[in-house]
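**Q** sequence? don't have it. structure:
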Ligand SMILES: Nc1ccn([C@@H]2O[C@H](COP(=O)(O)O)[C@@H](O)[C@H]2O)c(=O)n1
Ligand SMILES: C[C@@]1(CO)OP(=O)(O)OP(=O)(O)OC[C@H]1O
């Protein structure tokens, strides 16, 4: 088995949709980024790449490349996992946490699991997601942005 850790942070921005785990969340602001700024999908992508020893999201999908401007992060996640599978690994499970003071994310968590697992062609039960505030502390608490972390376990693919 191999373990991987991913962390990502994006600042809030006006006039952007808020997309987390492939789900568009109704809110008055979104996140700034070169892609759709799906901070959760990016953290999971980095965890998968890290576990397989394949670097990070910026190495595979640079934010200097116009091809990824406005990119759907689920497409990037899917491509990263294709590389992970090609390297001979398969997802055991992922556990993720979103740090957001607002909005309330609990109603959307199951949908995010389905979206992320769907992009990987794996089962929703393999991608667990949680949300927490930071009790109004720090940049998350001041509602300046959202952070996400993910850990994954990969197994050696026996197929
Ligand atoms: N953006 C968020 C943050 C948290 N939740 C849910 O609320 C619970 C309590 O959060 P605390 O930060 O006060 O511990 C947390 O366990 C989540 O279920 C949420 O839905 N959206
Ligand atoms: C996804 C990419 C590429 O569009 O851009 P961003 O949306 O800015 O996201 P980030 O997590 O800062 O880095 C990865 C980038 O390469």
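**A** Looks like it came in fine. Keep in mind it's a predicted model, so treat the numbers as computed, not measured. Numbering: from 1, shown residues only. Ligands and ions are numbered 1, 2, ... in the order given.

**Q** Could you check how far the residue lying closest to residue 111 once chain neighbours are set aside is from ligand 1?
**A** Spatial nearest neighbour of residue 111, excluding adjacent residues (Cβ to Cβ, 6 or more residues apart in numbering): residue 23 at 4.9 Å. In short, each C-beta sits where N, CA and C put it, glycine included. From residue 23 across to ligand 1, the span is 13 Å (Cβ to the nearest ligand atom, to the nearest Å).

**Q** Report the contact partners of residue 23.
**A** 108, 111, 112, 115 (Cβ atoms under 8 Å, 6 or more residues apart in numbering).

**Q** residues touching the spatially most central residue of the chain, list them.
**A** Nearest to the geometric centre of the chain sits residue 41, at 1.8 Å (Cα atoms, centre = their mean). For residue 41, the contact set (Cβ under 8 Å, 6+ apart) comprises 21, 22, 73, 74, 76, 77, 116, 119.

**Q** Dump those residues into JSON lines; add distance to residue 55 and neighbour count as well.
**A** Below are these laid out as JSON lines (distance: Cβ to Cβ, whole Å; neighbours: other Cβ atoms under 10 Å):
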{"residue": "21", "distance to residue 55": "22", "neighbour count": "30"}
{"residue": "22", "distance to residue 55": "23", "neighbour count": "22"}
{"residue": "73", "distance to residue 55": "17", "neighbour count": "28"}
{"residue": "74", "distance to residue 55": "20", "neighbour count": "21"}
{"residue": "76", "distance to residue 55": "13", "neighbour count": "21"}
{"residue": "77", "distance to residue 55": "15", "neighbour count": "24"}
{"residue": "116", "distance to residue 55": "20", "neighbour count": "29"}
{"residue": "119", "distance to residue 55": "19", "neighbour count": "24"}
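
**Q** got those residues as a markdown table, with distance to residue 87 and secondary structure columns?
**A** Formatted as a markdown table, the contacts of residue 41 follow (distance: Cβ to Cβ, whole Å; DSSP: H, G, I helix; E, B strand; the rest coil):
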| residue | distance to residue 87 | secondary structure |
| --- | --- | --- |
| 21 | 24 | coil |
| 22 | 24 | coil |
| 73 | 21 | helix |
| 74 | 20 | helix |
| 76 | 17 | helix |
| 77 | 16 | helix |
| 116 | 20 | helix |
| 119 | 18 | helix |
